[in-house]
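# Pasting a predicted model and its sequence here:
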There are 2 protein chains.
Amino acid sequence: MSLRHAVLGLLERRPSTGYELTQTFDRSLRTSWQARHSQIYPELAKLEAAGLVEVVGHGARGSKTYAITPAGRAELRRWLVEAQPDRSQRSESGLRLFLTPLLDQADRRATYERDLAHVEHELTALEELRSGMEPTTDPEVFAAQVELGIRINSVLRDWLLEQIETAGEPEGADQ
Amino acid sequence: MSLRHAVLGLLERRPSTGYELTQTFDRSLRTSWQARHSQIYPELAKLEAAGLVEVVGHGARGSKTYAITPAGRAELRRWLVEAQPDRSQRSESGLRLFLTPLLDQADRRATYERDLAHVEHELTALEELRSGMEPTTDPEVFAAQVELGIRINSVLRDWLLEQIETAGEPEGADQ
DNA sequence: ACGGTACATGTCAAAAATGACATGTCAAGA
DNA sequence: TCTTGACATGTCATTTTTGACATGTACCGT
């Protein structure tokens, strides 16, 4: 039940509308937790019923701004600090990487190159984010996360480059 | 619908029983895709009905060994090579890392240290795996994946170490 | 004034995933 | 002989997630 804590966490960062949360899920959280608006709006309603968030304002086009309550903050902290983390993951890309050695050389190379293009693209976006980040605005602590993203993608890029260069080597379960 | 392809991929590596697949999901695939036996057995039945896998043997305790069929192999290749990868992920640990800056210094440090312990543990396991791996047995290609796991966990370890050392710096959304 | 797009919130059926329940076998050690 | 634990397969109610449907508003450019 991480969705609840993801929402709570985003509202701890700043009060937001469901629409804004949906965008943040899609832009910043897509590599850790995704959620569609069809999940977010009902979750906000449940959270409000449980007293963990509250509506603090009504804006244009019927928008409602939610903020975390003290009870919500306590629950968020409890989850972050005391709850046993579930280390398992769901990553289609990870699964593909795991299975790629089953392909013949040409297909293997093609999929690694496709992945490499994606990683380079991510890396560029993260580097732009880093250079465009002013330490005066709120996210100074989040700079560390951008840095982590860059490092992980760099490792991935180097590894993919090695796999592509080593193509032609003995294969796995192929004939 | 990645479960189907995960099962197909594992059966491409070697024919297995549902029980063996469950173990592989838990041991090798837990960082990319998890699945319980309650999902695996019905999936095998569906895959068999679709002609993508077949029962190739009956063993002790009513066990059934499944193997991939040519149609299954074709579908696996199609998915790996032609299907558009879904790059989104679900990772509670990633979410926690994203939200950790919201905690006060003491809590933040404690959670980073908990994560560090886990990463060190993973790293030890992967390094043992690497040194115990004989290049004569089947997984020669999978050595690259172990290597990738080691590199990513090393990056994570270094980053966590830095975060712990830098503790006491200005914080995020806390007062 | 009109049309397109981004903003904004919701519902719901269907699919995927979890956790509990249920049942039984085989081997090893006490 | 008995009991424990690993092996082995299954079902099912509930929860979570997705994708489609549904509806309406505010702003911007022409």
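Sure, I can see it. If you're wondering where the values come from, they're calculated on a predicted model, not measured in any experiment.

# what mean pLDDT does stretch A:43-54 have?
In this model, stretch A:43-54 carries a mean pLDDT of 96.

# does any part of it sit near chain B?
No. Shown here: stretch A:43-54 not in contact with chain B (C-beta under 8 Å from any C-beta of the partner chain), separated by at least 14.3 Å. Yep, even glycine has a C-beta here, placed from its N, CA and C like the rest.

# List of residues touching that stretch?
A:3-4, A:7-8, A:11, A:18, A:21, A:35, A:55, A:66-69, A:71-72, A:75 (C-beta atoms under 8 Å, 6 or more residues apart in numbering or on different chains).

# ok, the closest residue to A:T17 other than its chain neighbours - contacts?
In this structure, A:T17 finds its nearest non-sequential neighbour in A:S63, 4.6 Å apart by C-beta to C-beta, 6 or more residues apart in numbering or on different chains. Residues near A:S63 by C-beta under 8 Å, 6+ apart: A:T17, A:G18, A:Y19.

# Output those of these also counted as contacts of DNA strand C.
Contacts with DNA strand C within those, as defined by C-beta under 7 Å from any atom of the strand: A:T17, A:G18, A:Y19.

# ok, the first one touching A:G59?
Yes. Here A:T17 lies in contact with A:G59, judged by C-beta atoms under 8 Å, at a distance of 7.0 Å.

# okay, now the closest residue to DNA strand D within chain A: neighbour count?
Closest approach between chain A and DNA strand D, counting by C-beta to the nearest atom of the strand: A:S38, at 2.9 Å. Here the count is done by other C-beta atoms under 10 Å in any protein chain shown, and A:S38 has 9 residues near it.

# next one: A:S131
Around A:S131 there are 7 residues (other C-beta under 10 Å).

# just to revisit the earlier point, generate a ChimeraX selection restricted to the buried entries among the contacts of stretch A:43-54.
To isolate the buried members of those in ChimeraX, using 16 or more other C-beta atoms under 10 Å in any protein chain shown:
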select /A:3,4,7,8,11,18,21,35,66,68,69,72,75
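
# Can you tell me which of the contacts of stretch A:43-54 is closest to B:D86?
Distance to B:D86 across those (C-beta to C-beta) is lowest for A:A35, with 14.6 Å.

# Regarding that closest one, what is its secondary structure?
With DSSP: H, G, I helix; E, B strand; the rest coil as the basis, the three-state label of A:A35 is coil.

# Look at it and report its pLDDT.
95.

# What is the burial count for the nearest residue to A:D107 once chain neighbours are set aside?
Excluding the flanking residues, the one nearest A:D107 by C-beta to C-beta, 6+ apart is B:V81, at 5.0 Å. Residues lying near B:V81 (other C-beta under 10 Å) number 16.

# Just read off the phi/psi values of the residue nearest to A:T17.
Per-residue torsions, A:S63: phi -80, psi 150 (degrees, to the nearest 10).

# quick one: it and A:P15, what's the gap?
Separation of A:S63 from A:P15 (C-beta to C-beta, to the nearest Å) stands at 12 Å.

# And for A:A117?
In terms of C-beta to C-beta, A:A117 sits 38 Å off from A:P15.

# between these two, who's got more neighbours?
A:P15 (17 against 11).

# show me the contacts for A:E162.
Neighbours of A:E162 in contact, by C-beta under 8 Å, 6+ apart: B:A144.

# How far does whichever strand or helix holds it sit from its chain's centre?
For A:E162, the element it lies in under DSSP states H and E is helix A:143-165. Relative to its parent chain, helix A:143-165 has a centroid offset of 16 Å by C-alpha atoms, centre = their mean, to the nearest Å.

# orientation of it relative to helix B:143-165 in degrees?
If you take axes from the mean of the first three to the mean of the last three C-alpha atoms, to 10 degrees, helix A:143-165 sits at 160 degrees to helix B:143-165.

# Filter the contacts of A:S63 down to the ones in helices?
A:G18, A:Y19 (DSSP state H).

# picking up where we left off before, from A:E54, how far out is the residue nearest to A:T17?
15 Å.

# can you check A:D107 too?
53 Å.

# Using PDB, write down the CA coordinates of stretch A:62-75.
Taking Å, rounded to 0.1, in the frame of the first residue of the first chain, the C-alpha atoms of stretch A:62-75 are listed here in PDB:
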ATOM      1  CA  GLY A  62     -13.400  23.100  -9.600                       C
ATOM      2  CA  SER A  63      -9.900  22.200  -8.500                       C
ATOM      3  CA  LYS A  64      -9.300  21.300  -4.800                       C
ATOM      4  CA  THR A  65      -6.000  21.800  -3.100                       C
ATOM      5  CA  TYR A  66      -5.100  19.200  -0.500                       C
ATOM      6  CA  ALA A  67      -2.700  19.500   2.300                       C
ATOM      7  CA  ILE A  68      -1.300  16.900   4.700                       C
ATOM      8  CA  THR A  69      -2.600  17.000   8.300                       C
ATOM      9  CA  PRO A  70      -0.600  16.400  11.500                       C
ATOM     10  CA  ALA A  71      -2.000  12.800  11.500                       C
ATOM     11  CA  GLY A  72      -0.900  12.400   8.000                       C
ATOM     12  CA  ARG A  73       2.600  13.600   8.800                       C
ATOM     13  CA  ALA A  74       2.800  11.200  11.700                       C
ATOM     14  CA  GLU A  75       1.700   8.300   9.400                       C
END
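
# who touches A:R108 in this structure?
Contact analysis of A:R108 by C-beta under 8 Å, 6+ apart lists A:T100, A:P101, A:Q163, A:A167, A:E171.
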